[in-house]
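Colleague: Sequence first, then the predicted structure:
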Amino acid sequence: MATVTLINNETGEKFDFDLIECTRGPKAVDFSKLFEKTGIFSYDPGYGSTAGCQSTISYINGQEGQLLYKGMPIQDIVDKYSFTDVAKLLITGEAPKNKDESVEFELELRHRSFLNERLINILSAFPDSAHPMANLSSAVAALSTFHYDYRDPDNRDEYQVMARRIIAKIPTLVAFSYRHSIGAPFIYPDISRGYVENFLYMLRAYPGNRLKYTKDGETEITPLEVEALDKIFTLHADHGQNASTTTVRNVASTGVHPYAALSAGINALWGPSHGGANEKVLDQLREIGDVKNVSKFIERVKDKSDPFRLMGFGHRVYKSYDPRAKAIKNLKNELNKKGIKMDARLSEIAEALEEVALSDEYFIKRGLYPNVDFYSGIILTALKIPVSLFTPIFVIGRMPGWSAQLIEHLKNPHARITRPRQVYVGK
Ligand code: SDX
């Protein structure tokens, strides 16, 4: 195995460390015995250069703007698979081999999409004004009190049941949170509808389980709307060891109930530096208000005395165009042509922001490009999804990835409790 040598110039001591082989991307120095060997720590706040695990689920090449799920480029995934196919790929390691397998998995999710009535009572207790991300993380943590069959160490399939159950229920939890916030009755899942259509149905249907009724009859949810949201979910499904996935792994490392770990992941995603950015992008585009104001806002970004940041821009790993942002921007324009009308003003402002930013030295020098959150809100708005549900939509998309990462951690016999050290600078 190749090694690297660390020389302590104060003492002249030399220490060899193994280089861990990888199938793609940078190698890693195995520093797991650094302190034992050298008596010193490594220091990497934010873990920008530190791998905390080995994983086979998704791979990001930040320089090339490449994202792979199980070795397949994200654009091929979006073109070839439905979101529920991608969920199966991520949690089992294999995509459905044929239509029957695809339908069988998706039907299982439909039958698991219902909520225990006592969990619905918990959701009903929240104030109307509660942010749905708070409802979601609470409800997912509460779900652990209804399902305690996960920790059968001899039955690894329990993890599959655990994963399929939460992937199935999360759209219902999001829809019920929204209906509660507007004082509307809950619309229970309709198992005759597919995963994505059912979510839109639970959001939109009127009491009596009818969708909007017009002179030419019930306005069904269009296949194009379903296709659009299906692709949005797929583009959010997994993304390496981001802050919320790392949170899921870290919390799971103490041996807690998987749903407690997933609830922690929802809380981490909520932040505006992470999944909460998609909501802030819409606020920002509305604050900019007109293309003629774009340059003024770009100047504010560069003014260090102004805390203003361009939401939906920049990324810890991508120092090039986020392939998901590219796919979402193309989807936006394609849907607009096919009749799902985007808000022209917001879309024009967003594209002008991108154009000005990508030609500005400040952004180029720092490798700041649009990320997954920059254009998604424009499509979600066109799908009549309220801004308050933008980050919950991210939760639905990311749940298969979190579940897959959780299972990978739980199945790793060498996984240890997360316990970083510190550089003490106190008295
Ligand atoms: C997601 O990690 C993932 O994979 C996450 C995600 C996933 O799928 O799980 O991809 C989803 O969270 C996408 C990111 C969503 N967040 C935003 O859009 C919020 C705006 N972006 C930033 O806050 C920021 O870019 C982060 C948080 C995304 C990344 O932060 P880093 O890597 O810690 O970068 P940094 O703060 O060290 O910034 C480096 C420089 C700084 O300038 P200097 O101090 O060098 O002068 O770039 C500047 C920053 O001020 N900068 C920005 C900026 N982002 C970074 N300046 C203006 N606008 C921005 N958005």
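Modeller: Sure thing, it's come through.
Colleague: Near the ligand, which residues of the stretch 301-427 of the chain are found?
Modeller: Counting by CB under 6 Å from any ligand atom, the stretch 301-427 of the chain comes close to the ligand at 301, 309-317, 366, 368, 371-373. Glycine gets a C-beta too; all of them are placed from N, C-alpha and C.
Colleague: quick one: which of those is most hemmed in?
Modeller: If you count neighbours using other CB atoms under 10 Å, the busiest of these is residue 373, which has 29 neighbours.
Colleague: my read: that residue touches residue 312, true?
Modeller: Yes. Using CB atoms under 8 Å, residue 373 is in contact with residue 312, at 4.4 Å.
Colleague: so what's in contact with those two at the same time?
Modeller: The contact sets of residue 373 and residue 312 overlap at 277-278, 281 (CB atoms under 8 Å, 6 or more residues apart in numbering).
Colleague: Pick the one among the residues you listed closest to residue 266.
Modeller: Using CB to CB, residue 278 comes nearest to residue 266 of those, at 14.5 Å.
Colleague: What separation do you get for residue 230 and the ligand?
Modeller: Using CB to the nearest ligand atom, to the nearest Å, we find residue 230 at a distance of 18 Å from the ligand.
Colleague: what about that residue, how many neighbours?
Modeller: Count around residue 230 with other CB under 10 Å applied: 24.
Colleague: Show me which residues of the host helix or strand of residue 327 are buried.
Modeller: For residue 327, the element it lies in under DSSP states H and E is helix 323-338. Judged by neighbour count using 16 or more other CB atoms under 10 Å, the buried positions of helix 323-338 are 323-329, 331-332, 335-336.
Colleague: I'd like the mean pLDDT over the next helix or strand after that helix, please.
Modeller: Remark: after helix 323-338, the chain's next helix or strand is helix 344-358, criterion DSSP H and E. In this model, helix 344-358 carries a mean pLDDT of 95.
Colleague: what comes up buried for helix 344-358?
Modeller: 346-347, 349-354, 357.
Colleague: picking up where we left off before, what two of the residues of the stretch 301-427 of the chain next to the ligand are the furthest from one another?
Modeller: Maximum distance among these (CB to CB): 20.5 Å, for 301 and 317.
Colleague: got the contact list for residue 116?
Modeller: Under the criterion of CB under 8 Å, 6+ apart, the contact list for residue 116 reads residue 146.
Colleague: ok, it to residue 180 distance?
Modeller: 16 Å (CB to CB, to the nearest Å).
Colleague: Least confident secondary structure element in this structure?
Modeller: Each helix and strand of the chain was given a mean pLDDT (mean pLDDT, DSSP states H and E); the minimum falls on strand 217-218 at a mean of 60.
Colleague: Restricting to C-alpha, output the following helix or strand past that strand in CSV.
Modeller: The helix or strand immediately downstream of strand 217-218 is helix 223-235, counting by DSSP H and E. The C-alpha trace of helix 223-235 is given here as CSV (Å, rounded to 0.1, in the frame of the first residue of the first chain):
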residue,chain,number,x,y,z
PRO,A,223,-48.5,13.9,-16.3
LEU,A,224,-46.1,16.8,-17.1
GLU,A,225,-46.4,18.1,-13.5
VAL,A,226,-45.8,14.6,-12.1
GLU,A,227,-42.8,14.2,-14.4
ALA,A,228,-41.4,17.6,-13.4
LEU,A,229,-41.6,16.9,-9.7
ASP,A,230,-40.3,13.4,-10.1
LYS,A,231,-37.2,14.8,-11.7
ILE,A,232,-36.8,17.4,-9.0
PHE,A,233,-36.9,14.7,-6.3
THR,A,234,-34.4,12.5,-8.2
LEU,A,235,-32.0,15.5,-8.5
